[in-house]
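**Student:** make a model of this:
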Amino acid sequence: MAIKENVLGVKEIDCSDGINTEDYNQIDPGILDCFPRTKYPVDLFHWKEKIRVLSPVYHVGREINRHQRARIRDLSEKGLLFFSRNQIENYTTCVAGNLETALNDPNLTWDEKAGVFICELGRRQEQIFQHPMAQELEDLRKAIESLCVYLVEDSNRMAKMVHDVHANISLERRRINASILALAIYLQMHKGEIFLENLEIVTLGFFLYDIGMSRISPMMLSKVQQLTPPEQRTMREHPKVALEIFARLNLTRSEISEPASQHHERINGSGYPNKLKGDCIGQLGRIAGVADSYCAMVTSTPHHKGMPPINAAAELVTNVRQYDQVVCRTLVRFLQTVNR
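**Tutor:** Down below sits the predicted model:
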């Protein structure tokens, strides 16, 4: 494949040996519908079959008029519209807003679809935290159902999602990162005994585990100074608040309530809100507690600098009084298999 310039000075791509699908991918009309109407996120090319050349028809960032849009759609419907995989990140970000279309897109590898899942799950999780209503819950459920189908097909896909967790440990990502990590631990602990219907319920519980924080004042959450005793008491009530939200949404399954109500409980009874200890803390609560604590340790906040993952993992496995060591060791073993 070579770049050539025509007599008008327009650069075209000579594909006389055929299109290299590793470099250029076709865009079908369904994907095109995911693009903004006025500006497209990638350069677009017209595959001219007779002369076997990819000719540019659109340059990223330019305004598109009605006639150009009609021509580009026509090329797409005829299977003649392509984009360069050098711009796959822009492409993925754009199609992520339509999860079903993105997951059926043959242009995306599993690694890229993992990024789509995290982006869309994070968006829908944030929506229900801001507006804990039935429609937001249904939107999150649909995304979780798709995720669980992918993970049941191949549980090794979870490693890429955890890799992406560590690629972005910003404060804005802390909640979604902890949810993903809790799910990863659960899958590792239950290898060979995962059933899709139950996995969907458990996953929903992990993605809603911190929803009680949605009722905490943003001013309190962003406060740099140490919280006052009354503020600390308010903060410690958020697991109970989660149960009130679940009751209003008719979420009665223990797999959903346990992570939310118990993720701050500790094995030795030093946690909150109910100072549960030992076997009174369920496995899902223990998993959520470890995932939440790990992500808190590695994430920088106005109060502290995040520690390296290896140090956070070491701190968890040595804190035998507070954390379930089966869960902690499962986390550490899994992290050792995830490429950084």
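
**Student:** so where's this protein uncertain?
**Tutor:** The chain contains residues with pLDDT under 70 at 1-22, 339-340.

**Student:** so where do the strands sit in it?
**Tutor:** 2-5, 11-14, 24-26, 44-48, 53-58, 81-84 (DSSP state E).

**Student:** now do the buried residues in the shortest one.
**Tutor:** Spelled out, that is strand 24-26. Tyr24, Asn25, Gln26 (16 or more other CB atoms under 10 Å). Using the backbone N, CA and C atoms, a C-beta is placed for each residue, glycine as well.

**Student:** could you chop the protein up by domain?
**Tutor:** Annotated domains of the chain cover 2-87, 109-335 [automatic domain parsing].

**Student:** most neighbours per residue, which of these?
**Tutor:** domain 109-335 (a mean of 18; mean count of other CB atoms under 10 Å).

**Student:** roughly how far is that domain from the heart of the chain?
**Tutor:** Its chain's average C-alpha position is 12 Å from that of domain 109-335, according to CA atoms, centre = their mean, to the nearest Å.

**Student:** separation between the closest residue to Glu112 other than its chain neighbours and Ile118?
**Tutor:** Nearest residue to Glu112, sequence neighbours excluded (CB to CB, 6 or more residues apart in numbering): Thr92, at 5.2 Å. Separation of Thr92 from Ile118 (CB to CB, to the nearest Å) stands at 11 Å.

**Student:** and Ile310, by the same measure?
**Tutor:** Using CB to CB, one gets 22 Å for the distance from Ile310 to Ile118.

**Student:** and Ala102, by the same measure?
**Tutor:** Counting by CB to CB - Ala102 and Ile118 are separated by 12 Å.

**Student:** residue contacts, the residue positioned nearest the centre of the chain?
**Tutor:** Per CA atoms, centre = their mean, the C-alpha nearest to the average position across the chain is that of Ile118, at 1.2 Å. Shown in contact with Ile118 (CB atoms under 8 Å, 6 or more residues apart in numbering): Met161, Asp164, Val165, Ile176, Ile180.

**Student:** ok, now Cys328?
**Tutor:** Neighbours of Cys328 in contact, by CB under 8 Å, 6+ apart: Val290, Ala313, Leu316, Val317, Asn319.

**Student:** from Asn177, how far off is the residue nearest to the centre of the chain?
**Tutor:** 9 Å.

**Student:** ok so, going back, and which of the contacts of Ile118 is nearest Ile51?
**Tutor:** The nearest member of these to Ile51, counting by CB to CB, is Asp164 at 41.1 Å.

**Student:** surely Met235 meets Ser217?
**Tutor:** No: applying CB atoms under 8 Å as the test, Met235 and Ser217 come out as separate, 9.8 Å apart.

**Student:** please tell me how far Arg266 sits from Ala182.
**Tutor:** With CB to CB as the criterion, Arg266 and Ala182 are 16 Å apart.

**Student:** wait, Ile31 touches Asn104, no?
**Tutor:** No: Ile31 is beyond contact range of Asn104, at 9.6 Å (criterion: CB under 8 Å).

**Student:** now intersect the contacts of Cys328 with the helices, please.
**Tutor:** Val290, Ala313, Leu316, Val317 (DSSP state H).

**Student:** so what's the spatially closest residue to the first one that is not a sequence neighbour up against?
**Tutor:** So that's Val290. Spatial nearest neighbour of Val290, excluding adjacent residues (CB to CB, 6+ apart): Val327 at 4.8 Å. Counting by CB under 8 Å, 6+ apart, Val327 makes contact with Ile185, Met189, Gln283, Arg286, Ile287, Val290.

**Student:** run the last query once more with 7 Å
**Tutor:** When contacts are counted by CB atoms under 7 Å, 6 or more residues apart in numbering, Val327 is found next to Ile185, Arg286, Ile287, Val290.
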